[in-house]
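**Q** The sequence and its predicted three-dimensional model are supplied below.
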Amino acid sequence: MLYSVMAITFLAGALQGFSGFGYSLLALPLLCVFVPARWAVPVIAVSSLSLNAMVFITFRRNLNLKGFLPMAAAYIPGAAAGGIAGIIVSGRIDSSVFGKAVLVILSLLGVFGALQALV
């Protein structure tokens with residue numbers, strides 16, 4: 001089991017190194033096959049946070065504050081609105097419908113953002 005956990009963590013770290021994302025997306029579901037989720041989630045959260053902190057420290061000089069600050073400012077009310085919407089909707093409709101609606105909205109925003117970038 002220990003070797004499986006080490007291999008999964010290594011492969012997820014390699015994916016993160018190659019693509020810039022994906023550590024938690026790959027590691028968490030695969031780790032849950034070998035260990036309980038209540039153990040895997042905090043381990044992945046701490047290791048992902050430390051991995052992202054190392055990447056930030058390494059590339060902090062390349063941070064574009066003019067592009068970052070508007071995103072950071074929009075994140076806080078957006079996260080709050082999403083959390084409130086999730087709480088309100090969770091008891092009224094099926095969560096899969098809510099998830100699909102979020103995916104459709106994000107896809108449309110991505111398409112319109114890409115079209116706007118082309119113009």
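**A** Perfect, thanks for sending it.

**Q** Please make it C-alpha for all contacts and neighbour counts, starting now.
**A** Noted.

**Q** Now do the same for the helix or strand where residue 44 lies: mean pLDDT, whole number.
**A** Using DSSP states H and E, residue 44 maps to helix 37-59. Mean pLDDT, helix 37-59: 88.

**Q** what's next to it, contact-wise?
**A** Helix 37-59 is contacted from outside by 23-24, 27-28, 31-32, using C-alpha atoms under 8 Å, 6 or more residues apart in numbering.

**Q** okay, the residues you listed in TSV with secondary structure next?
**A** Listed next are the contacts of helix 37-59 as TSV, based on DSSP: H, G, I helix; E, B strand; the rest coil:
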residue	secondary structure
23	helix
24	helix
27	helix
28	helix
31	helix
32	helix
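
**Q** Buried among these? Make that a PyMOL selection.
**A** Of the contacts of helix 37-59, the buried ones can be selected in PyMOL as follows, counting by 16 or more other C-alpha atoms under 10 Å:
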select buried, resi 23+24+27+28+31
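
**Q** Could I get the contacts of helix 37-59 in CSV, plus columns for distance to residue 42?
**A** Output for the contacts of helix 37-59, formatted as CSV (distance: C-alpha to C-alpha, whole Å):
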residue, distance to residue 42
23, 14
24, 11
27, 12
28, 10
31, 12
32, 12
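
**Q** hmm, back to that, tell me how far whichever helix or strand comes after the helix holding residue 44 is from the chain's mean position?
**A** Beyond helix 37-59 on the C-terminal side, the first helix or strand identified by DSSP H and E is helix 65-90. Put simply, helix 65-90 sits 14 Å off its chain's centre (C-alpha atoms, centre = their mean, to the nearest Å).
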